[in-house]
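> what follows is a protein structure lacking sequence information:
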């Protein structure tokens, strides 16, 4: 049986116009001219045999029939969009998300249950390959990167700043109190992070040491935050770690702050998407969710 329905574009124009109470703004949203939207509304009113809008003191208003119809049509369009996205997500496969192991294990994975509850039809394929994340190929759908927010070919939104702190085993402090100044932790055994994005180098640079002086500091060196954390838990020295990474150990008392001061990094974590994928709805939903999670508890 042939359905007696108006065109989809007419319904979209009506729904957008009802939300904005403006044909011009509806046109901007739908990439149509104001006159094109107006014609679609006129065609829809002719099809229905009644007026959906009226002008009161030069302002566009819904009629009583238009208000009720707008609510029904919005629900129908929402359901059609959800059904369409489910099919597209199933055909596209999981979203490929690249990030550092530290962010993946300590920040992202503990929050993924919330994403699954909100978006049960979207799967994530997580990669912690640093070369893939920071490489030039951009062979992912989105990534969480640490830097200044400017990468060629990528659209970036800030996720969260990085706050560094000096932590150690309670036994290492013994009877003394946490130090007041960043550089004073040199009185204790030190644990350093090696690599280009070294948290410990950032810390001691802020304390006024030159790069040569930092490289001459004694202490064991580890590449990853997890190894620094494990070494600090064993009482081997003071580690410089992001707050999000050591928060659980601080709350449990397994680690304590070795210095009252903390340091906000000059760089931050960003969610990035290749330019050619920036308008894909499922990717946009995941980006919005990630940014929302950072505002809840970074």
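All right, it came through fine. Model, not experiment: these values are computed from the prediction.
> what about stretch 47-57, average pLDDT?
Taken as a whole, stretch 47-57 has a mean pLDDT of 93.
> straight-line length of it, end to end?
27 Å (C-alpha to C-alpha, to the nearest Å).
> and if you look at stretch 98-108?
Stretch 98-108: ends 11 Å apart by C-alpha to C-alpha.
> kindly report the same for stretch 237-250.
The first-to-last residue distance of stretch 237-250 comes to 15 Å (C-alpha to C-alpha).
> give me the contacts around that stretch.
Contacting residues not belonging to stretch 237-250 are listed as 102, 106-107, 160, 162-168, 172, 185, 188-191, 193, 199-200, 202-203, 219-220, 225, 228-229, 231-233, 255-258, 262, 298 [C-beta atoms under 8 Å, 6 or more residues apart in numbering]. No exception for glycine: its C-beta is placed from N, CA and C like everyone else's.
> contact partners of stretch 68-80?
So stretch 68-80 is contacted by 11-12, 14-15, 18-19, 48, 52, 62 (C-beta under 8 Å, 6+ apart).
> buried subset of the contacts of stretch 237-250?
102, 106-107, 160, 162, 164-168, 172, 185, 188-191, 193, 199-200, 202-203, 219, 225, 228-229, 231-233, 255-258 (16 or more other C-beta atoms under 10 Å).
> so where do the strands sit in the stretch 101-250 of the chain?
Taking DSSP state E, counting those that start in this stretch as the criterion, the stretch 101-250 of the chain carries its strands at 124-127, 142-147, 154-168, 191-193, 220-222, 239-242.
> would you turn these into TSV with distance to residue 267 and mean pLDDT?
Shown next, in TSV, are the strands of the stretch 101-250 of the chain (distance: least, C-beta to C-beta, whole Å; pLDDT from 0 to 100):
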stretch	distance to residue 267	mean pLDDT
strand 124-127	21	93
strand 142-147	5	94
strand 154-168	7	95
strand 191-193	14	96
strand 220-222	20	95
strand 239-242	12	96
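> mind checking these for the one nearest to residue 38?
strand 154-168 (33.6 Å; C-beta to C-beta).
> within its sheet, name the partner strands of the closest one and how each one runs.
In the sheet, strand 154-168 lines up against strand 239-242 (antiparallel), strand 256-257 (antiparallel), strand 263-274 (antiparallel) (DSSP bridges).
> got the angle for it vs strand 142-147?
Here strand 154-168 runs at an angle of 60 degrees relative to strand 142-147 (axes from the mean of the first three to the mean of the last three C-alpha atoms, to 10 degrees).
> before we move on, back to that, for residue 114, which of the strands of the stretch 101-250 of the chain is the nearest?
Of those, nearest to residue 114 by C-beta to C-beta is strand 124-127, at 12.6 Å.
> which members of the contacts of stretch 68-80 are the farthest-apart pair?
Most distant of the contacts of stretch 68-80, by C-beta to C-beta, are 19 and 48, 18.7 Å apart.
> what ranges does this protein have for its helices?
Ranges of helices in the chain, per DSSP state H, are 8-20, 23-30, 34-48, 64-92, 101-103, 112-118, 130-134, 170-173, 199-206, 211-215, 225-233, 243-252, 281-296.
> which elements pack onto the shortest one?
Helix 101-103 makes packing contacts with helix 225-233 when contacts are defined by 3 or more C-beta pairs under 8 Å, 6 or more residues apart in numbering; DSSP states H and E.
> run the angle between the helix it packs on and strand 154-168 for me.
Using the same axes, to 10 degrees: helix 225-233 against strand 154-168 is 10 degrees.
> among the strands of the stretch 101-250 of the chain, which is nearest residue 28?
Among those, strand 154-168 sits nearest to residue 28 (C-beta to C-beta), with 20.7 Å.
> nearest to residue 270, of the strands of the stretch 101-250 of the chain?
strand 154-168 (4.4 Å).
> okay if I get the contacts of stretch 68-80 as a markdown table plus neighbour count and distance to residue 266?
Shown next, in a markdown table, are these (neighbours: other C-beta atoms under 10 Å; distance: C-beta to C-beta, whole Å):
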| residue | neighbour count | distance to residue 266 |
| --- | --- | --- |
| 11 | 19 | 50 |
| 12 | 18 | 45 |
| 14 | 27 | 50 |
| 15 | 22 | 45 |
| 18 | 21 | 47 |
| 19 | 13 | 41 |
| 48 | 15 | 59 |
| 52 | 19 | 54 |
| 62 | 19 | 51 |
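> so what's residue 254 up against?
Counted by C-beta under 8 Å, 6+ apart, residue 254 has contacts 169-170, 233.
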